[in-house]
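Visitor: fold the following, please.
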Amino acid sequence: LVGRRPALVATALTGASWTLLFHGVYGRMYSLFLLTSLLSLLALLAALDRGGRRAWSLWVVAILAVVATHPYGALVLGGWVVFVLWRRRDRLREAALAGGAVALLGTPFWLTDLVLAGRFDVGVGGGGEKLGGPVPVLSYLLDVAADFGSGYRAALWGGLALAALGLVTLWRTRRDTAALALSLAGVPTVALLLAKLGSAASPESRHLIFLLPFYALAVAAGLERLRATRVRVLVPLALSALLVAQVAWAWHSTP
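Guide: Modelled structure (predicted):
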């Protein structure tokens, strides 16, 4: 998606993230949610690349595993739908048939999600009557970025700046990768903006764990872009500082 060197950097950033470290050591579904969402991505890319019944059948199995793992798997599915409609309409007929199979075979999960729908709310307001707005959603997304990277202010804003630079760079050089990231991030953002406030079971950073690799890829792409500038000698220091800050934040969050 981004080239070998940025991919290795992104792997290191993901491995040092509190979100992965913490949710990898206790028996809840979030590591499995991350695994299945990545498998669905690989299956989708293979189906879009090669086409054919076998490839799309594998994607159907993979995305059903995602929605079986967590109710927010529907957001992953929505992100892939947006991406196909946006960038790969050449495969639209095959994708529509596979999506229809998912819609039918996933019926037990959709019914379960309806029962759990109240737990989708952004619990940062009062009363549960108003609709979600940009300020609480932005605050939540900043918390997610902090747990993906580091919550220390300098590291948080530095990581976000690198991620923004990386996305701009990817849009110019690897547009499909940027579109994947924007599609997958855009669906939950819109959903949260429309959600009601005030639920006791508000979403936390773990609910968007499927975005963690894309955040790391964007930061890595930003660092790679800096390698082509006069400050390239600072890139190894910046990466080291980010990794140290991430591990320090993990220790601070869950000693």
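
Visitor: can you pull the buried residues of stretch 222-241?
Guide: Across stretch 222-241, burial judged by 16 or more other CB atoms under 10 Å covers Gly222, Leu223, Glu224, Arg225, Leu226, Val235, Ala238, Leu239. Yep, even glycine has a C-beta here, placed from its N, CA and C like the rest.

Visitor: next one: stretch 71-88
Guide: Result for stretch 71-88 [16+ other CB under 10 Å]: buried residues 71-84, 87-88.

Visitor: mind checking which of those are in strands?
Guide: Within these, no residue falls in strands by DSSP state E.

Visitor: so of those, which ones are in helices?
Guide: Of the positions in the buried residues of stretch 71-88, 73-84, 87 sit in helices, assigned by DSSP state H.

Visitor: same list (these) but as CSV, adding distance to Phe210 and pLDDT.
Guide: Below are those laid out as CSV (distance: CB to CB, whole Å; pLDDT from 0 to 100):
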residue, distance to Phe210, pLDDT
Gly73, 8, 93
Ala74, 11, 93
Leu75, 8, 94
Val76, 5, 97
Leu77, 11, 96
Gly78, 11, 96
Gly79, 8, 97
Trp80, 11, 96
Val81, 15, 96
Val82, 14, 97
Phe83, 13, 97
Val84, 17, 96
Arg87, 19, 94
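
Visitor: now, among these, which is nearest to Ala43?
Guide: Trp80 (9.8 Å; CB to CB).

Visitor: tally of neighbours for the residue nearest to that closest one when sequence neighbours are not counted?
Guide: Nearest residue to Trp80, sequence neighbours excluded (CB to CB, 6 or more residues apart in numbering): Leu44, at 5.5 Å. Using other CB atoms under 10 Å, Leu44 has 25 other residues around it.

Visitor: re earlier: farthest pair within the buried residues of stretch 222-241?
Guide: When the buried residues of stretch 222-241 are compared pair by pair using CB to CB, the maximum separation belongs to Arg225 and Leu239, at 13.1 Å.

Visitor: pLDDT on the helix or strand containing Trp157, on average?
Guide: Counting by DSSP states H and E, the element that carries Trp157 is helix 153-173. In this model, helix 153-173 carries a mean pLDDT of 96.

Visitor: in it, what's buried?
Guide: Going by 16+ other CB under 10 Å, helix 153-173 has these buried residues: Ala155, Leu156, Gly158, Gly159, Leu160, Leu162, Ala163, Leu165, Gly166, Leu167, Thr169, Leu170.

Visitor: so what secondary structure elements neighbour that helix?
Guide: helix 134-148, helix 175-194, helix 212-226, helix 235-253 (3 or more CB pairs under 8 Å, 6 or more residues apart in numbering; DSSP states H and E).

Visitor: reformat those as a markdown table; add distance to Leu97.
Guide: Formatted as a markdown table, the helices and strands packed on helix 153-173 follow (distance: least, CB to CB, whole Å):
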| stretch | distance to Leu97 |
| --- | --- |
| helix 134-148 | 34 |
| helix 175-194 | 20 |
| helix 212-226 | 27 |
| helix 235-253 | 42 |
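
Visitor: deepest-packed of these, please.
Guide: helix 212-226 (a mean of 26; mean count of other CB atoms under 10 Å).

Visitor: what's the angle from that one to helix 153-173?
Guide: On the basis of axes from the mean of the first three to the mean of the last three CA atoms, to 10 degrees, helix 212-226 is oriented at 80 degrees to helix 153-173.

Visitor: got the CA coordinates for helix 212-226 in PDB?
Guide: The C-alpha trace of helix 212-226 is given here as PDB (Å, rounded to 0.1, in the frame of the first residue of the first chain):
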ATOM      1  CA  LEU A 212      -4.800   1.800  13.600                       C
ATOM      2  CA  PRO A 213      -2.700   0.400  10.700                       C
ATOM      3  CA  PHE A 214      -3.900   3.200   8.400                       C
ATOM      4  CA  TYR A 215      -3.000   5.800  11.000                       C
ATOM      5  CA  ALA A 216       0.500   4.200  11.200                       C
ATOM      6  CA  LEU A 217       0.800   4.000   7.400                       C
ATOM      7  CA  ALA A 218      -0.100   7.700   7.100                       C
ATOM      8  CA  VAL A 219       2.500   8.700   9.700                       C
ATOM      9  CA  ALA A 220       5.100   6.500   8.000                       C
ATOM     10  CA  ALA A 221       4.300   8.100   4.700                       C
ATOM     11  CA  GLY A 222       4.800  11.500   6.200                       C
ATOM     12  CA  LEU A 223       8.200  10.500   7.600                       C
ATOM     13  CA  GLU A 224       9.100   9.100   4.100                       C
ATOM     14  CA  ARG A 225       8.100  12.400   2.600                       C
ATOM     15  CA  LEU A 226      10.500  14.200   5.000                       C
END
